[in-house]
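Novice: need a structure here:
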Amino acid sequence: MTDAGASAAELVSVERIWDEGQHNAFTDLVRYQDRWWCTCREGADHGSGDGALRVIASDDGESWDSMALMAIDGLDLRDPKLSVTPDDTLMLLAGERHPTEDAEWLNSTMSWLSLDGEAWHGPFTVGEEAVWLWRVTWHEGVGWGVGYDCRGERFVRLYRSQCGMRFERVGPDMYTDGYPNETKLLFLDDDTALCLLRRDGEDAPGQLGSARPPYTDWRWQDLGVKIGGPDMIRLPDGRFVACARLYDERVRTSLLWLDAEQGTLTEFLELPSGGDTSYAGLVYHDGLLWVAYYSSHEERTSIYLAKVRLD
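Specialist: Here you go, the predicted model:
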C-alpha cells in the first residue's frame, strides 16, 4: 500500500493514557461538555469472557481520571463506543457475550446514558438478539447504527433510534457477501450516508457503501484493502480520514485517506503499534486530529492517544 500524502501529516505526539487493566483494548473518543472522554474494555485478554467497560475523562488530554467502570457478572462486555445524543446526553454502546446451555456464546447489544459521565442509567438491551450493533452515529436527531450477525448467517443491518434506549430495524439486509461485521457511518450535508465496512475471511477487502434516504438501497465499492476496527471522520475541508488495522506485510494501526468517489484507501501515517491493535476513536479539534487506539507493541496491551497535524 502506498503512503502518498505522508509528508502532509505530522505525528505531533503519542502517549499511553491507560493501562490499569490486565488487557486494555477497544477504544473510542469524544468531546463532551468541553472535556475529553475515552472508553475501553478491560479483561484478562482479547477474547476472555470477563470484559468490563472503563470510562475515563480529561480536561487537557494529558491527565486522565477514571469516571466509571461497568461490569456485569457472567457477561463479557466488549467494544464500547461513545456518542453524544441530540439532547446533550453521553451515550455508551457495547456488545455483550453470555454463555448458553450448549456452552456457546450468544451476543446482544446494550446502551447506557449519562449526564455527567459518572452516574449511568442502564443498561438497556437494544436491537435484535444475536445481532451486534457496533457503533451509533447521530444525524438530524436520529441515532443510526449497523448491526452484524453473530450466528453465522453473515449479514449487516441498519438500525435507528431517537432515544438510544430502543433501536428499530430499517429496510432489508445491507450487505451479505463474505463475513461483514464492524462499521462506521457518516452522513454528508445532502443526507447521503456512507458506510465503511470490515469483512473477514481470506481475500476479504473492506467495502464502502452509500445510500440516500430512506437508506434502504445501498451501493457498494470494493476498497481493495483488508481492514479491522474501522473508524472515519470528515475534516472541515471535506477530506475523509479513516483509521483501521492493516494486515499487509505486518499488523499495524494506520491513518488512511478515503476517496469516496473512487472507492480507494491510501495509507498516509502509521501509528506506533503492533500485534493486538486498532479500534480507534477519531475527533478533529483545534486544528489537530486526535486518535485514541490500543496496541500491544509495548509491554501489555494499553490505550494510546495520538495527536496528528494534517496539511
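
Novice: buried sites along the helix-or-strand element of the chain with minimal mean pLDDT?
Specialist: Across the helices and strands of the chain, the lowest-confidence element by mean pLDDT, DSSP states H and E is strand 105-114, at a mean of 91. For strand 105-114, a neighbour-count test (16 or more other CB atoms under 10 Å) marks 107-114 as buried. No exception for glycine: its C-beta is placed from N, CA and C like everyone else's.

Novice: partners of the strand or helix carrying residue 289, with directions?
Specialist: Assigned by DSSP states H and E, residue 289 belongs to strand 288-295. Under the criterion DSSP bridges, strand 288-295 sits next to strand 278-285 (antiparallel), strand 302-310 (antiparallel) in its sheet.

Novice: out of those strands, the one nearest residue 133 is which?
Specialist: Evaluated over those, closeness to residue 133 peaks at strand 278-285, with 15.7 Å, by CB to CB.

Novice: pLDDT of the closest one, averaged?
Specialist: For strand 278-285, mean pLDDT rounds to 98.

Novice: give me the buried positions along that strand.
Specialist: 278-284.

Novice: kindly report the same for stretch 82-100.
Specialist: Buried-residue list, stretch 82-100, by 16+ other CB under 10 Å: 82-83, 85, 89-97.

Novice: quick one: contacts for residue 178?
Specialist: 154, 199-201, 204 (CB atoms under 8 Å, 6 or more residues apart in numbering).

Novice: so how far is residue 229 from it?
Specialist: Distance of residue 178 to residue 229, given as CB to CB, to the nearest Å: 17 Å.

Novice: the strands in the stretch 1-150 of the chain, which residues?
Specialist: 9-18, 23-32, 35-43, 52-58, 65-70, 76-84, 90-99, 105-114, 120-126, 131-139, 142-149 (DSSP state E, counting those that start in this stretch).

Novice: make TSV from these and add distance to residue 224 to it.
Specialist: Listed next are those as TSV, based on distance: least, CB to CB, whole Å:
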stretch	distance to residue 224
strand 9-18	21
strand 23-32	26
strand 35-43	30
strand 52-58	34
strand 65-70	38
strand 76-84	25
strand 90-99	28
strand 105-114	29
strand 120-126	34
strand 131-139	22
strand 142-149	21
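
Novice: show me the shaky parts of this protein.
Specialist: 1-7, 101-104 (pLDDT under 70).

Novice: starting at the chain centroid, how far to stretch 174-185?
Specialist: 14 Å (CA atoms, centre = their mean, to the nearest Å).
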